[in-house]
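Undergrad: mind looking at a prediction? Sequence and model below.
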Amino acid sequence: MTTTSPALDTAPTRRRSSRWRTLAWQLAGLALLLALWWLVTDVLKLYPPYVFPSPKAVWTEISYGLWGSGPQDGKLLSAIGNSLRRVLLGYAAAVLLGGVVGLLMGAWRPLRETVGAYLTGIQSVPSIAFVPFAILFFGLNERAVLFVVILEGFIPVALAVSGALMNVPPALRVAGRTLGARGLSLTTGVLLPSAVPSILTGLRTAWSFAWRALVGGELLVSASASLGSQLEVGRNTANMALVIATILIIGTIGGLFDALLRALEARVRRDYGLEVPQ
Amino acid sequence: MTHPATTAATAPQGVSLTLDGVTYRYGRGHAGLGPLSLQVNAGEFLCVVGPSGSGKSTLLSLLAGFLRPQVGEIRLGETAVRGPDPRLTLVQQEAALFPWRTVAGNVAFGLERQRLPRAGRDARVEDTLRLVGLGGYGPRRVHELSGGQRQRVSLARALAVQPQLLLLDEPFSALDDRTRTALSDELLGIWWSQKVTVVFVTHNLEEALALGQRVVALRGGEVVLDGAARELNVGRLRETLEG
């Protein structure tokens, strides 16, 4: 007996071709944007270069900042390294803390109704608003930045975990319980695995919050070379090309991590049978 | 009817079930169950029928140990049911398979909780899958299966732990007629070979009469008819249920 229908057989091929098509559209869109930018700056010269530099000027800034060999070069590269180290540390702590708090909120209703409501409120406060508090509390150092990153990252994780646990289909709970799973065994064997797709969505949101919080924090706390401090350097030296180059790098790194998590999420959704072959 | 793995997946014999004045009320204005007294013999195949709100689901929740009777007692053999009991399993209306596990992983779930050693577990899983006609399907993902195959896996998952009482909550209601008939035949074969006690809840009167040795009809939370299936017919059941 075979259960694999022709529709399922061709699904991976169709998925691959759809992925290539999407990539082609994205590249075409990027080329169009670059062309417009070049037209406005190099051809029409609508703005002076110190207000809106050309793509070439920004590229020069990026290339010197990443792989230049002069004494003032390579600063973007070390800034990326420092910022990535900070955000990965903060994000890992946020996922751990958020996972534990989310589990507790999912298991204990009074906690969900009190702490859960406060967390939703705190989440609506822009991360930059916590930076002055962090500076006063921790001082003008890396710990202040990490505090803001963890605070912004752990809330979406906690809310996603508790929400996902509450939304586990009752039939799965019943199946687990009738097959002998209780307490911790039910949580680890049924509830958490069932919640994984929703938790992954929360992890993506947490990543984007943590990344934005990091740059916001680094703008004000320039403890060492960082992407945030590069923005500040660009502003202080009226180097718009550096500012735009740093923004592009921040966007690219943020987008790459998001794409990684999105791919993981898509894989899990496929394995869980949550995606209908198109 | 014979099944390939009938001997390999030998289960303990069925257990008797006793409901002694069992009552459960949800609150003002909500239907409940009872007082209900019922004796189900070890190895018996009992079908419970009734319209929506007649108390069928409440009865199953009480038997499965998810609800505790407010009055009365439920006993499996000589011991009272005070929560989910390892001697019984429930097959639900929807297959409720764990999508993060393979077919074999689903069937092994209850065995893992019983801490059965790996070798014995794998053998039991394969035997039980053969019993429900899914030999060789172990490595597949559950979303690759048809509705009927999923319900077969659900049945295998419940049978693998070798229950003495098997509760089934309208397990074939979402299936087409042909698959339902095939699965009903298989269930009868499994019951016949395993000697497990079965309580099968359905709103389908024909199905109840075809499967059960005995049929109990519920209306408004009370038993309005209790008789041998061969002595009943659809007309009489319908007449009784409509009051």
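TA: Done, it's in. Numbering: from 1, shown residues only, chains lettered A, B, ... in the order given.
Undergrad: identify the residue of chain A closest to chain B, quick one.
TA: A:Gly273 (2.5 Å; Cβ to the nearest Cβ). C-beta: built from backbone N, CA, C; applies to glycine.
Undergrad: model confidence score at that residue, please.
TA: Here, the pLDDT recorded for A:Gly273 equals 89.
Undergrad: Provide the secondary structure category for it.
TA: When classified by DSSP: H, G, I helix; E, B strand; the rest coil, A:Gly273 comes out as coil.
Undergrad: elements contacting the helix or strand harbouring B:Val153?
TA: Using DSSP states H and E, the element containing B:Val153 is helix B:147-160. Packing partners of helix B:147-160 (3 or more Cβ pairs under 8 Å, 6 or more residues apart in numbering or on different chains; DSSP states H and E): helix A:170-178, strand B:88-91, helix B:103-113, helix B:118-131, helix B:177-194.
Undergrad: does the residue sitting furthest away from the middle of chain B belong to a helix, a strand or coil?
TA: Ranking residues of chain B by C-alpha distance from their mean position (Cα atoms, centre = their mean) puts B:Arg28 at the top, at 29.9 Å. Here B:Arg28 is recorded as coil under three-state DSSP.
Undergrad: A:Ala28 too?
TA: Applying three-state DSSP: A:Ala28 is helix.
Undergrad: okay, now it: neighbour count?
TA: 10 (other Cβ atoms under 10 Å in any protein chain shown).
Undergrad: swap in B:Glu239?
TA: B:Glu239: 11 surrounding residues under other Cβ under 10 Å.
Undergrad: thinking again about what came up before, nearest approach to A:Val157 belongs to which of the helices and strands packed on helix B:147-160?
TA: Closest of the helices and strands packed on helix B:147-160 to A:Val157 is helix A:170-178, at 22.0 Å (criterion: Cβ to Cβ).
Undergrad: tell me which residues touch the closest residue to chain A within chain B, please.
TA: Closest contact between chain B and chain A, by Cβ to the nearest Cβ, is at B:His143 (2.5 Å). For B:His143, the contact set (Cβ atoms under 8 Å, 6 or more residues apart in numbering or on different chains) comprises A:Tyr272, A:Gly273, B:Pro99.
Undergrad: equivalent analysis for A:Ala266, please.
TA: Applying Cβ under 8 Å, 6+ apart to A:Ala266 gives the contacts A:Glu275.
Undergrad: got the buried residues for the helix or strand A:Thr252 falls within?
TA: Here A:Thr252 sits within helix A:240-271, counting by DSSP H and E. Neighbour counts over helix A:240-271 (16 or more other Cβ atoms under 10 Å in any protein chain shown) mark A:240-247, A:249-250, A:253-254, A:257, A:261, A:265, A:268-270 as buried.
Undergrad: re the thing from before, buried members of the contacts of B:His143 into ChimeraX, please.
TA: ChimeraX command restricting the contacts of B:His143 to the buried ones, with burial defined by 16+ other Cβ under 10 Å:
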select /A:272 /B:99
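Undergrad: pick the one among the contacts of B:His143 closest to B:Val91.
TA: Closest to B:Val91, out of all of the contacts of B:His143 and judged by Cβ to Cβ, is B:Pro99, at 17.6 Å.
Undergrad: over to that closest one. Which of the three states is it?
TA: Under the three-state scheme (three-state DSSP), B:Pro99 adopts coil.
Undergrad: next, B:Asp176: phi, psi?
TA: phi -70, psi 160 (degrees, to the nearest 10).
Undergrad: where does it land on pLDDT?
TA: If you check B:Asp176, the pLDDT there is 88.
Undergrad: same question for A:Phe147.
TA: Note for A:Phe147: predicted pLDDT of 96.
Undergrad: now it: closest residue in space that isn't a chain neighbour?
TA: With Cβ to Cβ, 6 or more residues apart in numbering or on different chains as the criterion, A:Phe147 has its nearest non-adjacent residue at 4.6 Å, and that residue is A:Ala134.
Undergrad: can you check A:Trp211 too?
TA: Ranked by Cβ to Cβ, 6+ apart and with sequence neighbours excluded, the top spatial neighbour of A:Trp211 is A:Gly254, at 4.8 Å.
Undergrad: kindly report the residues of the stretch 51-200 of chain A close to chain B.
TA: By the rule Cβ under 8 Å from any Cβ of the partner chain, the part of the stretch 51-200 of chain A lying against chain B is A:169, A:171-172, A:174-182, A:185, A:189-190, A:193-194, A:196.
Undergrad: drop anything exposed from those residues.
TA: Buried, going by 16+ other Cβ under 10 Å: A:171-172, A:174-181, A:189-190, A:193-194, A:196, out of those.
Undergrad: interface residues of chain B facing chain A?
TA: Within reach of chain A by Cβ under 8 Å from any Cβ, chain B has these residues: B:64, B:66, B:84, B:86, B:88-90, B:92, B:94, B:96-101, B:109-110, B:112-114, B:140-146, B:149, B:154, B:157-158, B:161.
Undergrad: okay, now the unreliable bits of the stretch 51-200 of chain A?
TA: Nowhere does the stretch 51-200 of chain A drop to pLDDT under 70.
Undergrad: can you rerun that using 90?
TA: Residue ranges of the stretch 51-200 of chain A with pLDDT under 90: A:65, A:67-75, A:107-109, A:113, A:116-117, A:140.
Undergrad: pLDDT wise, what is the residue farthest from the centre of chain B at?
TA: For B:Arg28, the predicted pLDDT is 71.
Undergrad: also B:Ala5?
TA: pLDDT for B:Ala5: 39.
Undergrad: again with the one 3 residues further on
TA: For B:Ala8, the model assigns a pLDDT of 41.
Undergrad: A:Arg14 too?
TA: pLDDT recorded at A:Arg14 is 76.
Undergrad: that one belongs to a helix?
TA: Yes - counting by three-state DSSP, A:Arg14 is located in a helix.
Undergrad: what's the burial count for it?
TA: For A:Arg14, using other Cβ under 10 Å, the count is 12.
Undergrad: next one: A:Thr237
TA: Other residues near A:Thr237 number 10, with proximity taken as other Cβ under 10 Å.
Undergrad: and it, what does it touch?
TA: Contacts for A:Thr237 (Cβ under 8 Å, 6+ apart) come out as none.
Undergrad: for A:Ala225, see how far away it is.
TA: Applying Cβ to Cβ, to the nearest Å, the value for A:Thr237 to A:Ala225 is 15 Å.
Undergrad: element containing B:Leu167, please.
TA: For B:Leu167, the host element (DSSP H and E) is strand B:165-169.
Undergrad: which strands or helices does that strand pack on?
TA: In terms of contacts (3+ Cβ pairs under 8 Å, 6+ apart), strand B:165-169 is packed against helix B:56-64, strand B:88-91, strand B:197-202.
Undergrad: what's the first helix or strand after the longest one?
TA: Next helix or strand after helix B:56-64 toward the C-terminus (DSSP H and E): strand B:71-76.
Undergrad: what does that following strand contact?
TA: Strand B:71-76 has contacts (Cβ under 8 Å, 6+ apart) with B:15-23, B:34-37, B:62-63, B:80-81, B:85, B:87-88, B:164-165.
Undergrad: in strands, which of those residues fall?
TA: B:17-23, B:34-37, B:80, B:88, B:165 (DSSP state E).
Undergrad: quick revisit: what mean pLDDT does the helix holding B:Val153 have?
TA: For helix B:147-160, mean pLDDT rounds to 94.
Undergrad: what angle do it and helix B:103-113 make?
TA: Note on geometry: by axes from the mean of the first three to the mean of the last three Cα atoms, to 10 degrees, helix B:147-160 and helix B:103-113 are set 20 degrees apart in direction.
Undergrad: angle of helix B:147-160 against helix B:177-194?
TA: Interaxial angle, helix B:147-160 versus helix B:177-194 (the same axes, to 10 degrees): 10 degrees.
Undergrad: domain ranges for chain B?
TA: B:13-87+B:165-243, B:95-162 (automatic domain parsing).
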